[in-house]
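A.B. asks: quick one, structure for this:
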Amino acid sequence: MKIRTIMQSRRMDDLSRLCTHCGLCCDGRLFDDARIAEGEEPVVRAAGLEVVQGNDGRLAFQQPCHFLSDGCCTRYETRFQVCRSFKCALLRGVQRGEIAPARAMAVVDEAKRLLDRAAHHLDGPAICSARRAKMRELQELESGADKPARRAYASARLDLVAVRLFLDRHFRRRDREVPKSDSPDG
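C.D. replies: The predicted structure is shown next:
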């Protein structure tokens, strides 16, 4: 009985460390906004967050969330419903035992490396909306540019696409399948 409790405690520690190491769901690099639960709008406004119409047409608050500080939520005990209920694909994989915690940490590190690389093409952090706007800008610039400039624009677009695909695969994925490269063995 005691061993089981210790194992559950270690697992919770691993999950907590993963989330605080990551923070992508709150810092604007994974999502533009966070959907507000029905009836929660007054609480969100009272907390000082701007309520907007989200990408899906529902009420939301913009990301990055100003309650994120050093990877932790400064209102964790009273966080919003979307924050309490959200689990990225990577976290779900660790919870199900399909991805080893060390491998998950490495995936987070790779995501941050790719995001940092993409940020070099932007005028600020690699938040979702900035990456999309830059992709549109690069597509327009590329069509009328000389060969060296086209190569540079194409390279920048590849960096931005690589980030999107990586985040989709490891964090936004909704399916229950785990890519073979994410298995605890490999």
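
A.B. asks: so who does Ala162 touch?
C.D. replies: Leu114, Ala118 (C-beta atoms under 8 Å, 6 or more residues apart in numbering). Glycine gets a C-beta too; all of them are placed from N, C-alpha and C.

A.B. asks: now it: which helix or strand?
C.D. replies: Here Ala162 sits within helix 147-167, counting by DSSP states H and E.

A.B. asks: list the buried residues for that helix?
C.D. replies: Residues Tyr153, Ala156, Arg157, Asp159, Leu160, Val163, Arg164, Phe166, Leu167 are the ones in helix 147-167 that count as buried (16 or more other C-beta atoms under 10 Å).

A.B. asks: now do stretch 131-148
C.D. replies: Applying 16+ other C-beta under 10 Å to stretch 131-148 flags Arg131, Lys134, Met135, Leu138, Glu142 as buried.

A.B. asks: could you export the residues you listed to TSV, including columns for distance to Arg96?
C.D. replies: Shown next, in TSV, are the buried residues of stretch 131-148 (distance: C-beta to C-beta, whole Å):
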residue	distance to Arg96
Arg131	30
Lys134	35
Met135	33
Leu138	38
Glu142	42
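
A.B. asks: tell me which residues of stretch 84-103 come out buried.
C.D. replies: For stretch 84-103, burial by neighbour count (16+ other C-beta under 10 Å) applies to Phe86, Cys88, Ala89, Leu90, Leu91, Gly93, Val94, Glu98, Ile99, Ala100, Pro101, Arg103.

A.B. asks: measure how buried Arg35 is and give me the count.
C.D. replies: As a burial measure, Arg35 scores 18 neighbours (other C-beta atoms under 10 Å).

A.B. asks: end to end on stretch 42-60, go ahead and measure it.
C.D. replies: End-to-end distance of stretch 42-60 (C-alpha to C-alpha, to the nearest Å): 12 Å.
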